[in-house]
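**Student:** got a predicted structure plus its sequence, pasted below:
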Amino acid sequence: MIDQRYSIGREGFIWFMGVCEDRNDPDQLGRVRVRAFGWHTEDKTSIPTESLPWAATVHSANVPSSYVPKEGDWVVGFWMDGESAQVPVILGCLTGSPKEAAKRERGFHDPTGTYPSRINEPSTNRLIRGRTDGTIHETRQRTRKTGVKSIGTTWSEPPSTFAPVYPKNFSIESEAGHAFELDDSPGAERVHLAHKVGSFIEMDASGNRVEKIVKDNYSIIVGNDYVSIDGACNITVNGNANLKVGGKLSAEAATINLNAAGDIKIKAGGRLKMEGLGVDIKASAAMRLGAGALMSVKGKITVVEGKPLLLAGKPVNIIKTTHGPGKIIPVGSASSPSSTGLKPIVSLASVAAAVPGVASVASAVPSVSSLTGSLALPTLPTFTGALPAMPSLPAIPSVAGLTAGLPAIPSVPSLGSVAGGLPSIPSLPSLPSVPSLPQLPNVPKLPELANLREAALPKIPSVPAIPVPTLPKLPSSGSTGGW
């Protein structure tokens, strides 16, 4: 026959109420030491905390939990061993409104003196009651970031939509201040996970998601990543930004704007290609184009303009090509460079003005436009006078006239006269061996006066021959008296 005195559940259910005084279970089973009212004394000298039995805690079967009652929590339990009262089991905790702080030296109080942390208010956490003071929401509001500048806009961190209605906000607040909320308050439904330092993730009733990380962030994706944004995307980086792609980087947009306060550097290990309907490159200061090999500039119409325009090279070759199929456009025609606003590099008038005696010749030569404008020769007027007198060439001065103004070359004294003026050398004492005196260097021969004059005078350039245009031969008119 079974002895019912030691049969659990048959000898009678003996329950108790008490206060948790220790949760540091050496076996880490979630057990606590509880001082039970009516079973243990308040005097800790009679029954110290270390003498209280360890009590197991009961958890929900469908929601496993690691929550353990903390020191100062009021609990309800029963004795598994009945009257022996040595095997307690904790069924749950009781809430209340503490009226005094913990007295560490007395039983039924927190031996550490930490709890209750709030006096004269319910022991439920403030989040469930809609209070933000002393919680993570107070920290979030204090550290809220505003006035973030982006390109073309400024935005701010949205405020929290925290507005719980008791008892709809299921919340857990840890001893350190971390919080987890599942708020079912009508019109203010939220999911909120927060760290005590201020990092959090919150989703509000409209589906908006706000995430804040007060320190570093690391995101590691072993597989692929897909991001879709139906609206605008604004990214502000106050420090440096680095992007490294192991494969191909592609960017596509209706318009792409790159703006840098300093330099922009683009470097390609292969070819760098730029293509567009139009390409405009403008520099407020100097612009330099360089190539290690051939550099080619090609266009249907290529215009190079400068004030002045400098071309430098070794050598510089300007090649005249045809404009169109086998057609050379004359200067002054509708399609010539001068008609498009470009000026000829050298004109006949400028040559005539620079070279003496060419002006009269240039005036007698028909204009280029009259010769190239039509294949027919122009009608020449009847000439009855003599040919125009050729301009006289300026007289070339003689060599004597050029050398007349040169200064006279002073005569060089002879070596004898120079040596005659030297002081006498005193007699030297007798020495065993007197070295011979070094031989005087030879005086260089002076160049002859004719050679000196010829070397000093500049060469007079030869005067180019002035061409005399040949008059065209006219058909015989039967008369020898004139044209």
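**Tutor:** Arrived safely, thanks for sending.
**Student:** contacts only, for Asn208.
**Tutor:** By C-beta atoms under 8 Å, 6 or more residues apart in numbering, the contact list for Asn208 reads Pro158. The way it works is simple: take the backbone N, C-alpha and C, and place the C-beta from them, glycine included.
**Student:** Gly18 belongs to a strand?
**Tutor:** Yes: when classified by DSSP: H, G, I helix; E, B strand; the rest coil, Gly18 is found to be part of a strand.
**Student:** mind pulling up the pLDDT for it?
**Tutor:** On pLDDT, Gly18 comes in at 97.
**Student:** that one bridge partners, please.
**Tutor:** Per DSSP bridges, the residues bridged to Gly18 are Ala36, Val75.
**Student:** that one: neighbour count?
**Tutor:** Using other C-beta atoms under 10 Å, the number of residues around Gly18 comes to 25.
**Student:** again with Asp225
**Tutor:** Counted with other C-beta under 10 Å, residues neighbouring Asp225 total 6.
**Student:** what pLDDT does the model give it?
**Tutor:** Here, the pLDDT recorded for Asp225 equals 96.
**Student:** quick check: the gap between it and Cys20.
**Tutor:** 47 Å (C-beta to C-beta, to the nearest Å).
**Student:** with Asn224 instead?
**Tutor:** 50 Å.
**Student:** between these two, point out the one with more neighbours.
**Tutor:** Set Asn224 next to Cys20 and count neighbours by other C-beta under 10 Å: Cys20 wins out with 25 against 5.
**Student:** from what I see, that one and Val75 are in contact.
**Tutor:** Yes: counting by C-beta atoms under 8 Å, Cys20 touches Val75, with 5.8 Å between them.
**Student:** need the residues touching each of these two.
**Tutor:** Both Cys20 and Val75 are contacted by Val32, Val34, Pro69, under the criterion C-beta under 8 Å, 6+ apart.
**Student:** partner residues bridging the first one?
**Tutor:** Applying DSSP bridges to Val32 gives these bridge partners: Ala55.
**Student:** with adjacent residues omitted, what lies nearest to Arg129?
**Tutor:** Spatial nearest neighbour of Arg129, excluding adjacent residues (C-beta to C-beta, 6 or more residues apart in numbering): Tyr166 at 5.9 Å.
**Student:** hang on, that neighbour packs against Gly130?
**Tutor:** Yes: in this structure, Tyr166 is within contact of Gly130 by C-beta under 8 Å, at 6.6 Å.
**Student:** the two: which is more packed in?
**Tutor:** Gly130 (15 against 10).
**Student:** so how far is Lys196 from that one?
**Tutor:** Gly130 is 20 Å from Lys196, by C-beta to C-beta.
**Student:** same check on Glu252?
**Tutor:** Glu252 is 44 Å from Lys196, where distance means C-beta to C-beta.
**Student:** when the two are compared, which one has more neighbours?
**Tutor:** Lys196 (15 against 5).
**Student:** please name the residues that touch the residue nearest to that one when sequence neighbours are not counted.
**Tutor:** Once flanking residues are discounted, Lys196 sits nearest to Gly177: 3.6 Å by C-beta to C-beta, 6+ apart. By C-beta under 8 Å, 6+ apart, Gly177 lies in contact with Thr135, Ile136, Lys196.
**Student:** go through these and say which is closest to Cys93.
**Tutor:** Thr135 (20.6 Å; C-beta to C-beta).
**Student:** verify the contact between that closest one and Ala176 for me.
**Tutor:** No: between Thr135 and Ala176 there is no contact under C-beta under 8 Å: 12.0 Å.
**Student:** when those two are compared, which one has more neighbours?
**Tutor:** Between Thr135 and Ala176, Thr135 has the larger neighbour count (other C-beta under 10 Å), namely 19 against 8.
**Student:** which residue packs closest to the more buried one, ignoring adjacent ones?
**Tutor:** Nearest residue to Thr135 in three dimensions, chain neighbours excluded: Arg126, at 5.5 Å (C-beta to C-beta, 6+ apart).
**Student:** residues contacting the one you found?
**Tutor:** By C-beta under 8 Å, 6+ apart, Arg126 lies in contact with Thr132, Asp133, Gly134, Thr135, Glu173.
**Student:** strands of the stretch 101-250 of the chain, start to end?
**Tutor:** Along the stretch 101-250 of the chain, counting by DSSP state E, counting those that start in this stretch, strands occupy 148-150, 153-155, 169-173, 179-183, 190-194, 200-203, 209-212.
**Student:** select, out of these, the one closest to Asn120.
**Tutor:** It is, among those and with distance given as C-beta to C-beta, strand 169-173, at 18.6 Å.
**Student:** name the residues of that closest one that are buried.
**Tutor:** By neighbour count on 16 or more other C-beta atoms under 10 Å, the buried set for strand 169-173 is Asn169, Ser171, Glu173.
**Student:** ditto for stretch 74-86
**Tutor:** Residues Trp74, Val75, Gly77, Phe78, Trp79, Met80, Gly82, Ala85 are the ones in stretch 74-86 that count as buried (16+ other C-beta under 10 Å).
**Student:** farthest-separated two in those residues?
**Tutor:** Within the buried residues of stretch 74-86, two members stand farthest from each other by C-beta to C-beta: Trp74 and Gly82, at 22.7 Å.
**Student:** surely Ile47 and His40 touch.
**Tutor:** Yes: the pair Ile47 / His40 is scored as a contact, 5.1 Å apart, by C-beta under 8 Å.
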